[in-house]
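Participant: Build me a structure from this.
(chains A and B)
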Amino acid sequence: MRVLAAMSGGVDSAVAAARAVDAGHEVVGVHLALSREPGAAGATSARARGCCSAADAHDARRAADVLGIPFYVWDLSERFAADVVDDFAAAYAAGGTPNPCVRCNERIKFSALLDRAVALGFDALVTGHYARRTAEVDGPGLHRAADAAKDQSYVLATVRRDRLARARFPLADAATKADVRAEAAARGLAVAAKPDSHDICFVPDGDAGGWLSRRLGSAPGPVVDAAGRVVGRHDGAHRFTVGQRRGLHLDRPAPDGRPRYVLAIRPAERTVVVGGAGDLLVAEIAAGSATWLADPPRPGRRVGLQVRAHGREIPATVAQVSGDRVVALPDEPVPTVAAGQTVAFYDGTRVLGGAIAAPVPAPA
Amino acid sequence: MRAAAMEAYTRVAGVPGNASAGHAPGRAARRVVEDARESIADSLGCGPAEVTLTAGGTEADNLAVAGLHRARRAADPARRRILVSAVEHPAVAAAADALALTDGAVVERIPVDARGAVDLGALQDELRDAASVSLVACMWANNEVGTVQPIGHVLSIAHARGVPVHVDAVQAVPGLPVDLAALGADTVAVSGHKVGGPVRSGVLVVRRDTLLVPLLHGGGQERGLRPGTLDPAATAALAAALAETVTERPVEAPRLAGLRDRLLAGVVDRAPEAVVTVADGDRLPGIAHLTFPGCDGEALQFLLDSRGIAASAASACSAGVLRPSPVLLAMGMAADRARTSVRFSFGHTSTDSDVDAVLAVIAEVAAGARRVARALGGAPGGRAAVPAA
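Facilitator: You can find the predicted model right below:
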């Protein structure tokens, strides 16, 4: 098979590409340039790291050279800016909490990149995701990886099913991340010791709040309690996430002296609503824009819900599916899911699909 | 490396001796270096005392631009402006830009026409206030599209105003007849590996009366312009490669021009969208530059490479991202078209079968790159991440 290996410059994608080579495929490596920063040939060293992630591109190229496979850098920065970065800012401006990694997999890696690969005659796209792609009786299936601690099936839940058919995840069976690092070292790949990335890639300093403030500006407004009493001020509702507890800087302690959480964000009124942990609990989770990687579940189907990366699975029952909207009832009340978060639906280890959490009406 | 250069290198590399030392091994090493220097001077048509050995063309360009600017500015602080053609190699363009940061220089770019030839009228205009100019830098021939500059006119215009000129001749030396005494430039940069000599060897030819401030400081070698222990093996190899290049040029240049013309005609014949970038006028024999409007540049790069064709696509930033070449943009080309550029280079090892190999695959490659451009032509964008409540 002719396969294209997406190589980020990290250890996982390097080992995934190596395993594809071992499997006898004809492998070509590609690194995606996603930053829109211009990369002038005369860039100074001070800028070099931020310039199209030059250091990551170097690491990916070096790994490809060690594996003896051709390597290219493809510029998907325009698509990334429109489909991921702009969307991220717009979602926060609308009071939501988007997941840009899910979005990037759906729109960039398993869309723009995969389409280009297919147009160039490749049969499949290899990535370093910890997830398992299977052949089910009803078509391609997506399952959790063997290593539960590293499982990344959640961030793939909204990939379209016809695209999943062309995805290959050689790290599906990796026992642990430590094993992958050891394998990289044994293969002579210098990225074996490279630290994991945790930040949002386009917010390299990790300060998403600061990034959003620079992008969206200051929009001060009140922090109110469920009764509408002003209990504090904020300088931008986009800096808050439903369910957030820390960093509220309230003027007045809660009457019961217990911690308060963000219950809702009303961007039109620049208002952040806070309340106690009990006020945060909801009995249903509603989501839209559902993408199914299996037959859509029918009402009454028992499912597991995952509402954030590495989050605990929530046992629930599907209550309603109409069009791309779906409502599920958790067995126990759960903290509100911030609008924009991905809700992944599981049946055992299999991912049934993913949807985007809808805004929950704020308490009166 | 050319065989003659390899032979010269290996003959010398095992012989000990520091060419700056006074003992017998030092004298032997010095003999090798100075023989080579005289040979280099013969090949280039300059005097041996004008040959400054550097570690490559980029270093020679940097030494000339910074050295001329600083020497001229030291003599008269009013000389802040550096005039560079808009199509210079980064070794000159970025060296000038760096002086804007470190020395408060003002870098001005002399525009070029659609062929990439420098606008002599604009140069004249910029030199009206010659007292504020430290130097003019203009390449002899362009490395990307092959255009030969009207370098004699550039020199006479600048010299009439008393302004020195640096000429980057890195591309010119293998392809054009070179007589530096007749040219009369103040500094001329030459690269070793472009003539089949060692990589990281080069020469800056500095006219006797020209003052330069050195970039490096040390033991005073090369009249203090380029200190550091001399490399007899690399210098001998550079001299051998240069001598062979210059000797072969009267036969080799027409041969390469023939390969270039056959390739260009064949590509245009087979790929309907292909456009030759510089189709006429004075140009280097060894460069064939085309654009493929409507094709995807990254796909062109991939498809050519996957079929064993080593061509250069567009230009790449430090991360390897294809960007529209500043040279093509300076020529007035739209960025979208500039992203579809492909350059084929010919040298002494190129043959007719190399041209045949390109012509055998170019139709299929262009068609594939066109298909990719169409497949990805849809505008980005899509559903919002937060559905309406």
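Participant: I'd like to know how many residues surround A:Gly188.
Facilitator: 11 (other C-beta atoms under 10 Å in any protein chain shown). (C-beta placed from N, C-alpha, C; glycine too.)
Participant: do B:Ile309 as well
Facilitator: 17.
Participant: and if you look at B:Arg128?
Facilitator: 10.
Participant: which stretches of the stretch 251-364 of chain A form strands?
Facilitator: A:261-266, A:271-275, A:281-282, A:285-292, A:302-306, A:314-322, A:325-330, A:334-335, A:342-347, A:350-357 (DSSP state E, counting those that start in this stretch).
Participant: Residue of the stretch 51-200 of chain B closest to chain A, please.
Facilitator: B:Ala94 (3.5 Å; C-beta to the nearest C-beta).
Participant: And that residue, its phi and psi?
Facilitator: Main-chain torsions, B:Ala94, degrees, to the nearest 10: phi -70, psi -30.
Participant: Check what pLDDT it gets.
Facilitator: The score at B:Ala94 is 97. That number is its pLDDT.
Participant: before we move on, the earlier item: out of the strands of the stretch 251-364 of chain A, which gets nearest to B:Ala369?
Facilitator: strand A:285-292 (31.0 Å; C-beta to C-beta).
Participant: about what we covered before: got the strands of the stretch 251-364 of chain A as JSON lines, with distance to A:Gly68 columns?
Facilitator: Converted to JSON lines, these look like this (distance: least, C-beta to C-beta, whole Å):
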{"stretch": "strand A:261-266", "distance to A:Gly68": "51"}
{"stretch": "strand A:271-275", "distance to A:Gly68": "55"}
{"stretch": "strand A:281-282", "distance to A:Gly68": "54"}
{"stretch": "strand A:285-292", "distance to A:Gly68": "37"}
{"stretch": "strand A:302-306", "distance to A:Gly68": "38"}
{"stretch": "strand A:314-322", "distance to A:Gly68": "46"}
{"stretch": "strand A:325-330", "distance to A:Gly68": "46"}
{"stretch": "strand A:334-335", "distance to A:Gly68": "50"}
{"stretch": "strand A:342-347", "distance to A:Gly68": "37"}
{"stretch": "strand A:350-357", "distance to A:Gly68": "34"}
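Participant: Format those strands as CSV; extra columns: mean neighbour count.
Facilitator: Formatted as CSV, the strands of the stretch 251-364 of chain A follow (neighbours: other C-beta atoms under 10 Å in any protein chain shown):
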stretch, mean neighbour count
strand A:261-266, 22
strand A:271-275, 22
strand A:281-282, 14
strand A:285-292, 22
strand A:302-306, 19
strand A:314-322, 16
strand A:325-330, 19
strand A:334-335, 16
strand A:342-347, 24
strand A:350-357, 25
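Participant: if we compare those, which one ends up closest to chain B?
Facilitator: Per C-beta to the nearest C-beta, nearest to chain B of the strands of the stretch 251-364 of chain A: strand A:285-292, 3.2 Å.
Participant: Pairing partners for the closest one, with directions?
Facilitator: strand A:325-330 (antiparallel), strand A:350-357 (antiparallel) (DSSP bridges).
Participant: can you put those strands in TSV and add mean pLDDT and distance to A:Ser8?
Facilitator: Formatted as TSV, the strands paired with strand A:285-292 follow (pLDDT from 0 to 100; distance: least, C-beta to C-beta, whole Å):
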stretch	mean pLDDT	distance to A:Ser8
strand A:325-330	96	32
strand A:350-357	97	22
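Participant: Quick one: those as CSV, columns for distance to A:Ser13 too.
Facilitator: Shown next, in CSV, are those (distance: least, C-beta to C-beta, whole Å):
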stretch, distance to A:Ser13
strand A:325-330, 32
strand A:350-357, 21
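Participant: Could you work out which of the ones you listed reaches nearest to A:Gly217?
Facilitator: Across those, closest to A:Gly217 is strand A:350-357 (C-beta to C-beta), at 25.3 Å.
Participant: Measure how the closest one sits relative to strand A:314-322, angle-wise.
Facilitator: 70 degrees (axes from the mean of the first three to the mean of the last three C-alpha atoms, to 10 degrees).
Participant: what inclination does strand A:350-357 have with respect to strand A:342-347?
Facilitator: Going by the same axes, to 10 degrees, strand A:350-357 makes 150 degrees with strand A:342-347.
Participant: returning to what we had before: could you point out which of the strands of the stretch 251-364 of chain A sits nearest B:Leu259?
Facilitator: strand A:285-292 (53.6 Å).
Participant: Next, the angle strand A:302-306 makes with the closest one.
Facilitator: 100 degrees.
Participant: May I have strand A:285-292 exported as PDB, CA atoms only?
Facilitator: Backbone C-alpha positions of strand A:285-292 (Å, rounded to 0.1, in the frame of the first residue of the first chain) are rendered in PDB as follows:
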ATOM      1  CA  ILE A 285     -26.800  16.300  27.800                       C
ATOM      2  CA  ALA A 286     -27.800  17.800  24.400                       C
ATOM      3  CA  ALA A 287     -25.500  18.000  21.400                       C
ATOM      4  CA  GLY A 288     -25.700  18.900  17.700                       C
ATOM      5  CA  SER A 289     -23.700  18.400  14.500                       C
ATOM      6  CA  ALA A 290     -23.500  14.600  15.300                       C
ATOM      7  CA  THR A 291     -21.200  12.500  13.100                       C
ATOM      8  CA  TRP A 292     -21.800   8.700  13.400                       C
END
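Participant: what about the helices in the chain?
Facilitator: With no chain named, the answer covers chain A. A:11-22, A:45-48, A:54-67, A:77-80, A:86-93, A:100-104, A:114-119, A:161-164, A:177-186, A:208-216, A:277-280 (DSSP state H).
Participant: try chain B instead
Facilitator: B:3-13, B:24-44, B:57-75, B:90-102, B:120-126, B:151-160, B:172-175, B:180-183, B:232-270, B:297-306, B:326-330, B:335-338, B:352-375.
Participant: Save the helices of chain A as TSV, and put in distance to B:Val358 too.
Facilitator: Shown next, in TSV, are the helices of chain A (distance: least, C-beta to C-beta, whole Å):
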stretch	distance to B:Val358
helix A:11-22	29
helix A:45-48	34
helix A:54-67	25
helix A:77-80	30
helix A:86-93	41
helix A:100-104	37
helix A:114-119	22
helix A:161-164	35
helix A:177-186	38
helix A:208-216	47
helix A:277-280	66
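Participant: if we compare these, which one ends up closest to B:Glu364?
Facilitator: The nearest among the helices of chain A, by C-beta to C-beta, is helix A:114-119 at 13.8 Å.
Participant: for the closest one, packing partners?
Facilitator: Helices and strands touching helix A:114-119, as assessed by 3 or more C-beta pairs under 8 Å, 6 or more residues apart in numbering or on different chains; DSSP states H and E, comprise strand A:124-126, helix B:297-306, helix B:352-375.
Participant: Which residues of the stretch 201-350 of chain B lie near chain A?
Facilitator: B:296, B:298-299, B:301-303, B:305-306, B:315-323 (C-beta under 8 Å from any C-beta of the partner chain).
Participant: right, so of the strands paired with strand A:285-292, which gets closest to A:Gly121?
Facilitator: strand A:350-357 (28.8 Å).
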